[in-house]
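Asker: what would the 3D arrangement of this be:
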Amino acid sequence: MGNTFEGGGRTLSMSNGSTDVFVDVLMLAVSDLAETVWEYRFATLLTFQDQGAVGRGVVGFDLEEIDWGGSPGERAAAKDFVLRVLDLALRRHRWDELDYDPPYAEGFLRQYREMVEAFDPATAYAAPPHRPLSFPGPEEAVMASCVRHRVLCAPGYWDSCVFCNG
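Answerer: A predicted model of the protein is given here:
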């Protein structure tokens, strides 16, 4: 069993173990970059990919289901943020804090970056009430951080971060 991340007609499929690593390295990056409400909403979406909290083999999301914003400027800023998160993760940001070596993470990050780079946020679709059901709303945006691991966590859904759950 595995997980898929989709967008723009492309799919990144990973085993449960690879997904854990993918989410770990993304959480290290997104936790240090998020500043705006939209960025915290995206970080919250990543916290929902924690298989230790939600179950193995049931995570992943489609780029088309993300509320990228209502204007071209908002969409461009959102896409730029996701690319900056991926670029920071690709620079092995805080990987020295992991208690394992992620040998395949860079390949998955590169593949996902290519997907995001090629994706046109203007093609995203929204479910009523004008935001996708799988993308957290502003009221759900995570703002709490695990003191021990210094990454964002979603206390409204569970009381620990992706590393505590691992």
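
Asker: who touches stretch 76-92?
Answerer: 25-26, 28-30, 32-33, 36, 38-39, 42, 66, 68-69, 105-106, 109-110, 112-113, 116-117, 119, 121 (C-beta atoms under 8 Å, 6 or more residues apart in numbering). Where you see a C-beta, it was placed from the backbone N, CA and C, and this is true even at glycine.

Asker: go through those residues and flag which are in helices.
Answerer: Using DSSP state H, the members of the contacts of stretch 76-92 that fall in helices are 25-26, 28-30, 32-33, 38-39, 42, 105-106, 109-110, 112-113, 116-117.

Asker: and those residues, which are buried?
Answerer: 25-26, 28-30, 33, 38-39, 42, 105, 109, 112-113, 116 (16 or more other C-beta atoms under 10 Å).

Asker: dump the residues you listed into a markdown table; add pLDDT as well.
Answerer: Formatted as a markdown table, those follow (pLDDT from 0 to 100):
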| residue | pLDDT |
| --- | --- |
| Val25 | 96 |
| Leu26 | 97 |
| Leu28 | 95 |
| Ala29 | 97 |
| Val30 | 94 |
| Leu33 | 96 |
| Trp38 | 95 |
| Glu39 | 95 |
| Phe42 | 93 |
| Ala105 | 96 |
| Leu109 | 98 |
| Tyr112 | 97 |
| Arg113 | 97 |
| Val116 | 97 |
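
Asker: show me which of these is closest to Ser13.
Answerer: Closest approach between those and Ser13, by C-beta to C-beta: Tyr112, at 11.3 Å.

Asker: which residues in the protein form helices?
Answerer: Going by DSSP H, the chain shows helices at 16-33, 37-47, 51-54, 72-90, 105-118, 162-165.

Asker: between those helices, which gets nearest to Tyr125?
Answerer: Per C-beta to C-beta, nearest to Tyr125 of the helices of the chain: helix 72-90, 13.3 Å.

Asker: so for that closest one, what's the average pLDDT?
Answerer: Confidence for helix 72-90, expressed as mean pLDDT, is 97.

Asker: convert the C-alpha atoms of that helix to CSV, please.
Answerer: Provided in CSV are the C-alpha atoms of helix 72-90 (Å, rounded to 0.1, in the frame of the first residue of the first chain):
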residue,chain,number,x,y,z
PRO,A,72,-3.2,35.8,-10.4
GLY,A,73,-1.0,37.5,-7.8
GLU,A,74,-2.3,35.3,-4.9
ARG,A,75,-1.9,32.2,-7.0
ALA,A,76,1.7,33.2,-8.0
ALA,A,77,2.6,33.9,-4.4
ALA,A,78,1.2,30.6,-3.2
LYS,A,79,3.0,28.6,-5.9
ASP,A,80,6.2,30.5,-5.1
PHE,A,81,5.9,29.5,-1.5
VAL,A,82,5.5,25.8,-2.3
LEU,A,83,8.5,25.9,-4.6
ARG,A,84,10.5,27.7,-1.8
VAL,A,85,9.6,25.0,0.6
LEU,A,86,10.7,22.3,-1.8
ASP,A,87,13.9,24.2,-2.6
LEU,A,88,14.8,24.5,1.1
ALA,A,89,14.1,20.8,1.6
LEU,A,90,16.3,20.0,-1.4
